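A.B. asks: Let me see the structure of the following:
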Amino acid sequence: MMENRTKLGNAMRQLHALNFNTVYPVIWNSGYVNYSSPVAQRYGIQPFVRKGSDGHDILADLVNQAKSQNILVIPWFEFGFMVPPTSELATLHPEWLTETRSGEQLSNGPAGEVAWLNPFHPEVQQFITELVVEAVTQYNVDGIQFDDNMGLPREFGYDKFTRALYTKETKKSVPSNVADANWVKWRADKITAFMTKLNQSIKSRKPTAIVSISPNYYDHAYKLTLQDWLGWVRSGIVDELIMQVYRSDLNSFTAKISRPEVLETQQKIPTAIGILTGLRRRPVSIQQIQSQTRIAQERGFGVSYFYYESLWDDAPEGIMERISGFQSLFPTPMIRQ
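C.D. replies: Below is the predicted model:
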């Protein structure tokens, strides 16, 4: 859809008519960027540039069409530290990859089999920083969004580089237990330090840029993917939180968005709940979407939907029923805080 100017224009007009105020288009996925990137070309990972059906710059067109409808554009840095093992990046820079205690470099998840860039490696940090700053400054976007992949599964971090760094700083060997509290904290603190520097790099070039994060609920994020996002909020390095709560059980949904750390965050920065509107093989009913949205709204949260095509195309109901359902949720324009 993003490649076609007409379809994209229709989509932006439809979102505007339904009082949506922000879109989060993917710009970093599968080891590639979805825009014209000198940085990517310099690192050898962009032998081609994904262009629109008219040969146009997809992100530039999206920004223009969204802005014409008074919709903010916050590009989504979707893959974070995650890359396919067959990507140019993994092939050209094998020293950038981290590994598990057994020496395994791959993990399986929603994106399939992937490798992980080492978030503790200075060259990886420099590469990510250059890509992010480029996207934020090269286009008239309103910010940048990072999600749960801007972390690291706790099984990783046993590569030679990280082992040596841990031993140098702590005078201890790396624990064999991936859940060791000090080992988890050391790695989480390193990612926090990088996110702090990344925020500074973004703000120094574009002070008005919104740094948005969309992690999992805190216990999962910190213990399993080394993301101390509550610490990020408390230190003031994020401007917006959209917590992913992709579940069908309403009691579980309500419990997760009522956690103390979420309520604390709500008092500090704009806070929203990420709601799943469907997957290709897992459609979600408009009734469930409405119920979860209203629970979030009643508690003063914004909402963000994942993902566009499942709003009304890949859905169990007809398109008019879906659109009517969203109209009932947002009868008036939604003003961002």
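A.B. asks: hey, let's count contacts and neighbours off CA atoms from now on
C.D. replies: Fine.
A.B. asks: residue ranges of the strands in the stretch 151-300 of the chain, please?
C.D. replies: For the stretch 151-300 of the chain, the strands defined by DSSP state E, counting those that start in this stretch cover 210-214, 240-244, 271-276, 278-279, 282-283.
A.B. asks: Which residue, other than its chain neighbours, is closest to the residue nearest the centre of the chain?
C.D. replies: The residue lying closest to the centre of the chain (CA atoms, centre = their mean) is residue 147, at 2.7 Å. Closest residue in space to residue 147, ignoring its immediate chain neighbours: residue 214 at 4.3 Å, by CA to CA, 6 or more residues apart in numbering.
A.B. asks: rewinding a little: using TSV, please lay out the strands of the stretch 151-300 of the chain together with distance to residue 95 and mean neighbour count.
C.D. replies: Supplementary listing: the strands of the stretch 151-300 of the chain in TSV, determined by distance: least, CA to CA, whole Å; neighbours: other CA atoms under 10 Å:
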stretch	distance to residue 95	mean neighbour count
strand 210-214	28	22
strand 240-244	32	24
strand 271-276	35	24
strand 278-279	35	20
strand 282-283	38	14
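A.B. asks: Relative to residue 19, which of those strands is closest?
C.D. replies: Nearest of the strands of the stretch 151-300 of the chain to residue 19, taken as CA to CA: strand 271-276 at 15.9 Å.
A.B. asks: Next, the angle from the closest one to strand 210-214.
C.D. replies: Orientation check (axes from the mean of the first three to the mean of the last three CA atoms, to 10 degrees): strand 271-276 against strand 210-214 gives 50 degrees.
A.B. asks: helices and strands around strand 271-276, which ones?
C.D. replies: Secondary-structure packing of strand 271-276 (3 or more CA pairs under 8 Å, 6 or more residues apart in numbering; DSSP states H and E): strand 240-244, helix 286-298, strand 302-306.
A.B. asks: Buried residues, the second one. List them.
C.D. replies: Just to be clear, that refers to helix 286-298. Neighbour-count burial for helix 286-298 flags 286, 288-290, 292-293, 296 (criterion: 16 or more other CA atoms under 10 Å).
A.B. asks: now, among these, which is nearest to residue 333?
C.D. replies: Using CA to CA, the buried residues of helix 286-298 come closest to residue 333 at residue 293, 15.7 Å.
A.B. asks: Find me whatever residue is spatially closest to that closest one, sequence neighbours aside.
C.D. replies: Among residues not flanking residue 293 along the chain, residue 303 sits closest, at 6.7 Å (CA to CA, 6+ apart).
A.B. asks: How many residues are close by that neighbour?
C.D. replies: Using other CA atoms under 10 Å, residue 303 is surrounded by 19 other residues.
A.B. asks: quick one: contacts for it?
C.D. replies: 242, 272-275, 293, 296-297 (CA atoms under 8 Å, 6 or more residues apart in numbering).
A.B. asks: Quick check: the residue nearest to residue 147 vs residue 230, distance?
C.D. replies: 12 Å (CA to CA, to the nearest Å).
A.B. asks: What distance do you get for the residue nearest to the centre of the chain to residue 326?
C.D. replies: From residue 147 over to residue 326 the distance is 25 Å, taken as CA to CA.
A.B. asks: where does the stretch 1-150 of the chain have low pLDDT?
C.D. replies: Residues of the stretch 1-150 of the chain meeting the criterion pLDDT under 70: 47-49.
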